[in-house]
Every structure is written in C-alpha cells, then in structure tokens.
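Undergrad: Structure for this input, please:
(4 chains)
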Protein chains: 2
Amino acid sequence: MSTVSIKDIARVAKVSHSTVSRALHNSPLVSWETAERIRRIAKEMGYRPSAIARSLVTRKTKTIGVVVTTIADPFIAEVVSGIEEVANDHGYSVFLANSNADPDREIKVVHSFHERRVDGILVTASRVGALYMDHLSQMKVPIVLINNQHPGEFAHSVMIDNVTASRVATEHLIQLGHRRIAYIGDQFGYQSDTERFAGYRQALERAGLTFQPELVVHGDGKPEGGMRAMERLLALAPPPTAVFCYNDMTALGALRVARMRGVRVPEDISLVGFDDLFIASYTEPPLTTIRQPKRQMGRQAMVLLLQLLKGEDSQQTIWVQGELIIRASTAPPRKEEAYVRPRS
Amino acid sequence: MSTVSIKDIARVAKVSHSTVSRALHNSPLVSWETAERIRRIAKEMGYRPSAIARSLVTRKTKTIGVVVTTIADPFIAEVVSGIEEVANDHGYSVFLANSNADPDREIKVVHSFHERRVDGILVTASRVGALYMDHLSQMKVPIVLINNQHPGEFAHSVMIDNVTASRVATEHLIQLGHRRIAYIGDQFGYQSDTERFAGYRQALERAGLTFQPELVVHGDGKPEGGMRAMERLLALAPPPTAVFCYNDMTALGALRVARMRGVRVPEDISLVGFDDLFIASYTEPPLTTIRQPKRQMGRQAMVLLLQLLKGEDSQQTIWVQGELIIRASTAPPRKEEAYVRPRS
DNA sequence: CCGATTGTTGAAAACGTGTGCAACCATGAG
DNA sequence: CTCATGGTTGCACACGTTTTCAACAATCGG
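TA: This next block holds a predicted model:
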C-alpha cells in the first residue's frame, strides 16, 4: 500500500490500468483530456513507475554491469566516472562490482550480473581470467573491455595505443640526449607491459641505440615494485641516466628511492611515468608522463556499448592515443654522462 | 527462448514449475530424489534465476543505491570500495550514481533509485541539499549518510569525530613547540570545516595560546584553494611556523606553494593534512596527517544499513576516530622563531 | 480395514507493467 | 437512415517468480 501502482491511479481516475499506462507514455491512443487528467492524478499521488515490473515485460532492464578490479584504483575510478556519466544521460543505471582480481569473486560477479539481467557489461580489470571470459560470454550480452590484457575475439574494446605512446615517451628522453635509458615494467605476462616495452625498444631501435637487457627490470605496477626495481637500477655501474616507468605508481616508487639514495631528479636521473594520474602533477618534481584520457575512454566505451545495445554493429576496437605531458622530472643528462657512451 | 526459465525446467522434468521453484530453494517440501533430479537438469540447462521476477513478488530487490559527488574523488572511492565489499558479501548489488554536486542530477538520481526500488540508500556526498534530502526521505527507505554535512534527524550516519581529530593534530604541532599555527579551511558553511576549526581552537585554548584571526584562511578543499590560501599565509609578517590544513588536497596545494616560494617543509614551516589519502605518503616530504579509516567507514555504513534492512533499529550515529600519522612534514620550529613569541 | 496423519505435488493467484485485440461510440458520407 | 470509419477505451494475457491452498497417495495406529 505504501507504493502507488498504475492500478491505484486507474481506480481513482475511473479508467482501466491500460489507459493509465498509455497516458503516462504519451500514447496518441488516449484522448488529450483524460491523459492530462491521469497525469495530474499520477503526480498528485506521487507515482513512480516500477522499473522492475517494466523490465519483466519489456525484457530490458536499462542497467549495465561494470566490473573493476578495485574502484580504489584512481585510474579505474576516473574511467568509471566517464562510464557513469554517459550511462546516466541515457537512462541507464550502473551496477558496480569489484573483483579484487580474485577468480572466485569474478565468477560471483558474473552470476550476479546475469541474474540481474543487465543489458550489457563493461570490464575495466587489469587482468581477466580465461575462465572468467567464458562465463562472461555465455550470457549473450554485449561486452566492452577497456584496456583489456588478453585481446579476445568475442568482445569489443577500447584500448590505448601503448606502443606508440611508449615510443613517444622514450623518444622524448632520447631527444634530451639520454643514451642509457632503463625500463621498469609490470609483472611478466601482462599485455600492456609487453606493448609498452615494445614501444620502448622501437624508440631505441629507430635512434640506433643498442638494447641493453640489464636496463630492463620488472616491478608490480605499484610503488613497492617500483622501489625494488629502482634499487636494482641504481646499483648498476654506471646507472642509467633516465628511466621510463610502466605507470605513474611505479614512477612514484622509483622517485622515492631516488630521493632516499640522494639521487636528484631530474639533474642526476630523468623519470617518465604513464597514465597521468592526478598525483603526477603534485610530486616533487612534477612528473613527466603519458596522459591516458581516462574519463574519455570510459565515455567512449559506454557510447560503444550503447551502439551495440541499439543493434548497430560497431567497430571491434576503438584505439585512443596517449599524450606526452612534459613536466619537471625530465631534463638533459649531465654533460659528462651524455658523452660517455658515444665515445666508448 | 535464449534464457531458460523455471517453466522450461518443469517441462523437461515433467513436474510443475512450483516444484522446481521449491527444489531450487532446497525446500523440505519436495522429495530428495526429485529435488536432486531437478537441480541437475537446471544446471545442465544453464539456468539462472531472474532477480527481476523474484523482486517483483518478494518486493525486495537486494540492491542498494550509493550516491556520491564523484567517484573520481580518491577519498570517496575508498569508502565505496568498503561499501561494495560487505554489500556483495551479503548478496546485495550496488547501484553507483554520481551527483557531481549538481541539484538537477541529484534529483534525477533519487528518482532513478526510487523507480529501481532499491532496498536502501547510502550517501557519500560532501554536500547534500535540503531539497534533495526531502526527496530522499520521501521514498521510505533506510538511508545511511557518511560524513554528512548537514546532520539530519531522519537518517542514520557514520561520521568521523572531526573535533577530536583536529585537536590532536593541532596539539601535535603545539607539542613540537609551534606557537604561531595557521588553519586553512574549506569553503564556509561546511559542517566538517566548522568542526575541524573547532578542534583547532580547542587545542589552542587548552594550551593557553591566544587565537589569532589572521591565521585562519579558507580554501576550497582542493589543491588550488590550498595554493591561494598558502600564498596569503606566507605574505604575513611574520608568517606562521605551522599550518593545519582542512584536508590532504588542501595540503598538497600548500606544499606546492611553499616549494615555489623557497620555503622548506618542515624546516621553515610544518604542514599537517587530514584524510591520509594514498598520496599523502608519497609527497616530498611525506605528509603528517589524520587518517580516516575510509574503507572501514564504508564497511560500517553498509553493516548499519544491513541492520536497518533486517528491521533491527540501530544507533542513530556511529562515530569513528581519526588517527594521527606522523610523517616528515612536521618538525620543531627553527630556534629563533620558536622563542620569538614567548619573549615578546 | 478404516480414518487420520504425513509427505509430496499441482493449481492458481499475485507482484506491476506493456500491448494486441476486440468493443464501443461518435461522426461523416452516401 | 445506414454503414463505414476513426478515435478511445477496456479486456485479457504475458513476463518469471514465490507462496498459499487444496489434492492426492502412502503410511500408520487402532
């Protein structure tokens, strides 16, 4: 009794509930006067249609499921914010679920979305298990992946052009005069790490610099991993004059270690990150990095999903470009070091 | 036909759909053998119950609505992560909606949640409009607010004890020997700004220090506001030897200005923040701040909501305590300055 | 052997909405 | 005046569940 239904309105207006339904949908099948009267009554009674009941008959819920590793990741939060913006503008509500990169939780989430009959799914997880993918694809619902690590065939995706962006970042260092440039990657096996590493090598190659395996170390995508990796790099003799990091979090760790060891940035060593998290402009020194258009990527992913929901088939993958943001963590190498290599 | 229903299973198992429903609920009303057979068939057919249909009859959706100003705010993201964790553990799915502090969007969100028949609502918005509150309370659904600015009577809430935490933060500075301590607040009118300011004054009073109005300036809760405020403080003669900031974002701006002006932290001026965002431990120097147990607050809010949903009436407000995290942005004042005031 | 009890099953209504179809009424044309 | 037409409206079913109630069969006690 607390919530008013279409039938309650019908009773008051002395019409059938069908007429009420039509009136509230501005159907031309109902006369203007009665329609107006019904709408007025509905408003007075504080009527709110039940999306539940409507979904049951229309077989569309106007909801989408968003699964992320964790919303506490600032990169992901920005993307989700973009998703939510256009979803909401189009009358869709978003279910948010964290997977915590835990396989058990992942399948729980998929089942949940399935039972809730979401119209579509967006995935912003750093790693999507194969088994997980199977479950996802089984629910016969459009899926859009964002920066997915395992490029699948069955789903659409929005991806950043890692190779080009990384090449540009590395070329920036080369152009400053650096010759001994290190790369701190993510854990092995990640698609985006592989691609960013490829961009790094491409830049080296184009500049005619020989690739030196000892300058490549791996972190874990987080500051802790960046710290361990940087320790190893600084122990080298001679150490690199510049470091390209897999992402800003890694760079944060590297930066901290440099400071602890009394290595000045950028005077003694240059540092480049990737992502352009909010934090990147507030480090000391502010971090040169590759900007990923995070919100924009979220928006585009949702727009793509909307197209799929409308039945229009769209391009399989949307590529977006990163942008080099030059701040204060990069500078030319010290004179003596810059010329050491060419001479040898 | 793509999705299999309870009736499809009934047809295959040659029983009524009622029996299927009971079998899947492990009801004692159905014999073990047939129940087991039905469950096997259901599994084979890949059956997933429709939460939609179930909700329609049970009048419970097992969903909650979470409204935030923006999920891109790292503080909020942490809280939401805590909410989602316990919600999911209890079979609840969460609808996420950003209000962007825009009144129009706020009421759109409320209507959306209402039509979706969410079982409860959580609000983590820095400011909730009065009109907005009206709409919220009209839907006769349990509501829990987190750090709400306008303490309302109709809703439950989880709040941090701003006054005590701020007093502790300020006392830390006093204990280090500071006498000329500034406060950079948020915009006027915010409840939490008022409370944190009160804690600051309380500490001053207890230490027998006279309150100096020119040492209180206002930012906007973001780095930009912190920068403007810090500029004003550094223009004072003499400038303060320590600054207590409304939050870490504000402190970030203050820190940047100090650096730009060649004022060393903490040698020339000490800085304290509030929130303990992830970033706080990666600034240079790492920031002394008050830690808010963000995830924990989200969890507790959800637990509180669960209690309300069960019909147990719980305490109106849960208070949580902040924790002083001492890092490297605070130190005793320089000798000459420390003794300037006592002498005068 | 019969009535009562227990265990198992199906029929049907309900939740709130959308919609095809039939029915009704008024109007205009012939 | 009759018939066709077009504009409004109501009836009834459907969506996929849960749940009450009645019905049925088997078993048990007397």
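
Undergrad: CA only for contacts and neighbour counts going forward, please
TA: OK.

Undergrad: interface residues of the stretch 201-344 of chain A facing chain B?
TA: By the rule CA under 8 Å from any CA of the partner chain, the part of the stretch 201-344 of chain A lying against chain B is A:252, A:256, A:279, A:282, A:283, A:284.

Undergrad: Pull the contacting residues for the third one.
TA: Just to be clear, that refers to residue A:279. For residue A:279, the contacting residues are residue B:279, by CA atoms under 8 Å, 6 or more residues apart in numbering or on different chains.

Undergrad: Go ahead and confirm residue A:106 touches residue A:133.
TA: No. Look at residue A:106 against residue A:133 with CA atoms under 8 Å: they stay out of range, at 9.7 Å.

Undergrad: top of the residues of the stretch 201-344 of chain A next to chain B by neighbour count?
TA: Counting neighbours by other CA atoms under 10 Å in any protein chain shown, the top entry in those is residue A:252, with 28 neighbours.

Undergrad: That residue and DNA strand C, how far apart?
TA: 52 Å (CA to the nearest atom of the strand, to the nearest Å).

Undergrad: What of residue A:167?
TA: Look at residue A:167 and DNA strand C: by CA to the nearest atom of the strand, they are 52 Å apart.

Undergrad: For that residue, which non-adjacent residue is spatially closest?
TA: Excluding the flanking residues, the one nearest residue A:167 by CA to CA, 6 or more residues apart in numbering or on different chains is residue A:199, at 4.3 Å.

Undergrad: where's the one you found, which helix or strand?
TA: Using DSSP states H and E, residue A:199 maps to helix A:191-206.

Undergrad: Let me see the confidence value for whatever residue of the stretch 101-250 of chain A ends up closest to DNA strand D.
TA: Per CA to the nearest atom of the strand, residue A:115 is where the stretch 101-250 of chain A lies closest to DNA strand D, at 8.3 Å. Note for residue A:115: predicted pLDDT of 97.

Undergrad: In contact with it, which residues?
TA: B:48, B:49, B:50, B:51, B:52.

Undergrad: Counting neighbours, what do you get for the first one?
TA: Read that as residue B:48. Count around residue B:48 with other CA under 10 Å applied: 19.

Undergrad: residues contacting it?
TA: Listed by CA under 8 Å, 6+ apart, the contact partners of residue B:48 are A:111, A:114, A:115, B:4, B:5.

Undergrad: So which residues of the stretch 201-344 of chain A form helices?
TA: For the stretch 201-344 of chain A, the helices defined by DSSP state H, counting those that start in this stretch occupy A:223-234, A:248-260, A:294-310, A:335-343.

Undergrad: if we look at the second one, which residues are touching it?
TA: Spelled out, it's helix A:248-260. Under CA under 8 Å, 6+ apart, the answer for helix A:248-260 is A:184, A:219-227, A:229-231, A:245, A:264-265, A:271-277, A:280, A:289, B:282.

Undergrad: Return only those of the residues you listed found close to DNA strand D.
TA: Near DNA strand D, judged by CA under 7 Å from any atom of the strand, there are no entries from the contacts of helix A:248-260.

Undergrad: and those, which are buried?
TA: With burial judged by 16 or more other CA atoms under 10 Å in any protein chain shown, the buried subset of the contacts of helix A:248-260 is A:184, A:219-227, A:229-231, A:245, A:265, A:271-277, A:280, A:289, B:282.

Undergrad: how about low-confidence regions in chain A?
TA: Residue ranges of chain A with pLDDT under 70: A:1-2, A:126-130, A:150-153, A:336-344.

Undergrad: what are the ranges of the strands in chain A?
TA: A:63-68, A:93-98, A:120-124, A:143-146, A:156-160, A:181-185, A:216-218, A:242-245, A:270-275, A:288-291, A:317-320, A:323-325 (DSSP state E).

Undergrad: ok, so what distance separates residue A:194 from chain B?
TA: Between residue A:194 and chain B the computed distance is 27 Å (CA to the nearest CA, to the nearest Å).

Undergrad: Could you find the closest non-adjacent residue to that residue?
TA: residue A:188 (8.0 Å).

Undergrad: ok, back up a step: out of the helices of the stretch 201-344 of chain A, deepest packed?
TA: Most buried of the helices of the stretch 201-344 of chain A, by mean neighbour count (mean count of other CA atoms under 10 Å in any protein chain shown): helix A:248-260, with a mean of 24.

Undergrad: can I assume the residue nearest to residue A:167 is in contact with residue A:165?
TA: Yes. The pair residue A:199 / residue A:165 is scored as a contact, 7.2 Å apart, by CA under 8 Å.

Undergrad: For DNA strand C, what's the nearest residue on the stretch 151-300 of chain A?
TA: residue A:299 (27.7 Å).

Undergrad: State the distance from that residue to residue A:85.
TA: 7 Å (CA to CA, to the nearest Å).

Undergrad: and if you look at residue A:257?
TA: Applying CA to CA, the value for residue A:257 to residue A:85 is 38 Å.

Undergrad: again, but for residue A:131
TA: For residue A:131 relative to residue A:85 (CA to CA), the value is 30 Å.

Undergrad: which of these two has more neighbours?
TA: The residue with more neighbours, out of residue A:131 and residue A:85, is residue A:85; 19 against 11, by other CA under 10 Å.

Undergrad: wouldn't that one be in contact with residue A:297 here?
TA: No. The criterion here is CA under 8 Å, and residue A:85 misses it with residue A:297 at 11.8 Å.

Undergrad: Tell me who's in contact with the closest residue to DNA strand D within the stretch 201-344 of chain A.
TA: For the stretch 201-344 of chain A and DNA strand D, the shortest gap (CA to the nearest atom of the strand) falls at residue A:309, measuring 18.7 Å. Shown in contact with residue A:309 (CA under 8 Å, 6+ apart): A:119, A:120, A:142.
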